Every structure is written in structure tokens, then in C-alpha cells.
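Colleague: model the following, please.
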Amino acid sequence: MKLYISTFAPNPRRVTMFIAEKGIAGIETVIIDLGAGEHRSAQFTAKNPLARVPALELDDGRVLCETRAICTYLEGLHPAPNLMGEGFEERAFIEMADRRAELHLFATIANSVRHSHPGLANLEQPQFPAFGASQGEKVREAARWLDGELAQHPYVAGERFTVADITAFCAIEFARGLMKFRPSAEGMVHLQAWRDRIAARPSAGRP
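Modeller: Predicted structure coming up:
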């Protein structure tokens, strides 16, 4: 299999962190340079017409796209350690936490950065700075929600590390890098403590 990713992009990082937590070996990594527009090349859009990374090319030639779908496929191939839930009930609650982290935290961070950071102007045309600023406020709302969740349990979905922690961590790290967001500076002590614990995991290092 081949995994198409890009350096520093948060969605590919979610997949590489998932792979590292699983201890999966043997997947070839192919770097797509977003700054150079390689994701829009005919060669890559033949694999993913939406011109997005990550993309996982299977051994039979099919290409699986979308971060959560790729992780679901890999969870099926490598069930242990389990990151998505052991039974339907746990799976449902983990998926709820993961979707909340993705839709309310990750997506708003991405919108804020893509519409307000000058370095991403070539990826987001046109940029709408006012929208980016408004999304930045929504990032704080979502982060405060997550801080409250982490005051009640040690991980995003409850008592153990799951895919929801990967989603939220990659979102927070993206915000740290391009929004200079620091939970502790805004009184979110539980979110900061969780972030620091996840950052210490071997899987959190850059691939």
C-alpha cells in the first residue's frame, strides 16, 4: 500500500499518528507538495479527483480517501490495539467524540487558518479574512467545550486513548503552529494538561 500525505498538513498527520499507534509497518509514504501544487497534478487527481490528502492506494489499485475512512480500513486490518471501540455501544460513543472534535474543533481551526493566514493564500482562493477571524472565535468555544470534557475524564472519548484523541490532538497542534493557540494562556488547564500528555506519546512525533 501507498499513503499519500503532505508535510505539516493536519489530516495526513491524523493517519500517520493512527498508523504509529497501531504499530503498522510496510506502508510506503509518498509526499505530496501542496505548496508546489502537486495535489492538483493530473497524476494525483487521477487518484483523488478532489485533490486532497491523505489518500491510501491499496495493493489492488483502488484508492481510499478521507481520513476517517482510511483509519477505519486500517482498524479492520489491524484490530489491536483497538482505537475505535470494541462493541457497537463503545464505537458509537467514540465516533460521537471523534465527530465532535472533527466538526467543532478541527474544522473551525482549518477554516480560521485557511482564511486568515497569508501562507495559505495559494491554497484558499479567495480568502475571506473576516470569516477567518469569526472562525477563530468559534475555535475558542470548541476548545472550552473540550476543556470541560477533559475535566471529567482523562481522554476525549472517556477513560482510554482512542481515535478521538488523535483528531483533537492534531487539531490543537495545527492551531498551536499557525494560530499560536495555547490552551494554558486562555485558562484551559485541562486541555493543556491533556495536550502535553498526548504530545509525550511516541506516535505524536512528526513522521
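Colleague: buried stuff in stretch 96-110?
Modeller: 97, 98, 100, 101, 102, 104, 105, 106, 107, 108, 109, 110 (16 or more other Cβ atoms under 10 Å). Bear in mind the C-beta positions are built from the backbone N, C-alpha and C, glycine included.
Colleague: same thing with stretch 25-41?
Modeller: Neighbour count says stretch 25-41 has 30, 32, 34, 38, 39 buried, by 16+ other Cβ under 10 Å.
Colleague: next: stretch 52-67.
Modeller: 52, 53, 54, 55, 56, 57, 64, 65, 67.
Colleague: quick one, phi psi at residue 33?
Modeller: phi -80, psi 100 (degrees, to the nearest 10).
Colleague: show me the protein divided up by domain.
Modeller: 2-77, 88-204 (automatic domain parsing).
Colleague: possible to save these as CSV with mean pLDDT?
Modeller: Listed next are the domains of the chain as CSV, based on pLDDT from 0 to 100:
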stretch, mean pLDDT
domain 2-77, 96
domain 88-204, 91
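Colleague: hang on, the earlier thing: among the buried residues of stretch 96-110, which lie within helices?
Modeller: The helices, defined by DSSP state H, take in 97, 98, 100, 107, 108, 109, 110 from the buried residues of stretch 96-110.
Colleague: residue 74: which of these is nearest?
Modeller: Using Cβ to Cβ, residue 98 is the member of those that sits closest to residue 74, with 14.6 Å.
Colleague: what is the burial count for the nearest residue to the closest one once chain neighbours are set aside?
Modeller: Nearest non-adjacent residue to residue 98, counting by Cβ to Cβ, 6 or more residues apart in numbering: residue 164, 4.1 Å away. Counted with other Cβ atoms under 10 Å, residues neighbouring residue 164 total 25.
Colleague: ok, residue 137 next?
Modeller: Neighbours of residue 137 (other Cβ under 10 Å): 10.
Colleague: how close does it sit to residue 204?
Modeller: To residue 204, residue 137 is 27 Å away according to Cβ to Cβ, to the nearest Å.
Colleague: elements contacting the lengthiest helix in the chain?
Modeller: Longest helix in the chain, counting residues (DSSP H): helix 129-150. Counting contacts by 3 or more Cβ pairs under 8 Å, 6 or more residues apart in numbering; DSSP states H and E, helix 129-150 packs against helix 107-116, helix 163-178, helix 189-199.
Colleague: and those as TSV, adding distance to residue 45?
Modeller: What follows is the helices and strands packed on helix 129-150, written out as TSV (distance: least, Cβ to Cβ, whole Å):
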stretch	distance to residue 45
helix 107-116	20
helix 163-178	24
helix 189-199	34
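Colleague: deepest of these, which one?
Modeller: helix 163-178 (a mean of 24; mean count of other Cβ atoms under 10 Å).
Colleague: what angle separates that one from helix 189-199?
Modeller: Orientation check (axes from the mean of the first three to the mean of the last three Cα atoms, to 10 degrees): helix 163-178 against helix 189-199 gives 100 degrees.
Colleague: what helices and strands are in contact with helix 163-178?
Modeller: Looks like helix 163-178 contacts helix 10-22, helix 88-100, helix 107-116, helix 129-150, helix 189-199 (3+ Cβ pairs under 8 Å, 6+ apart).
Colleague: need those in JSON lines with distance to residue 178, can you?
Modeller: Formatted as JSON lines, these follow (distance: least, Cβ to Cβ, whole Å):
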{"stretch": "helix 10-22", "distance to residue 178": "10"}
{"stretch": "helix 88-100", "distance to residue 178": "22"}
{"stretch": "helix 107-116", "distance to residue 178": "5"}
{"stretch": "helix 129-150", "distance to residue 178": "11"}
{"stretch": "helix 189-199", "distance to residue 178": "16"}
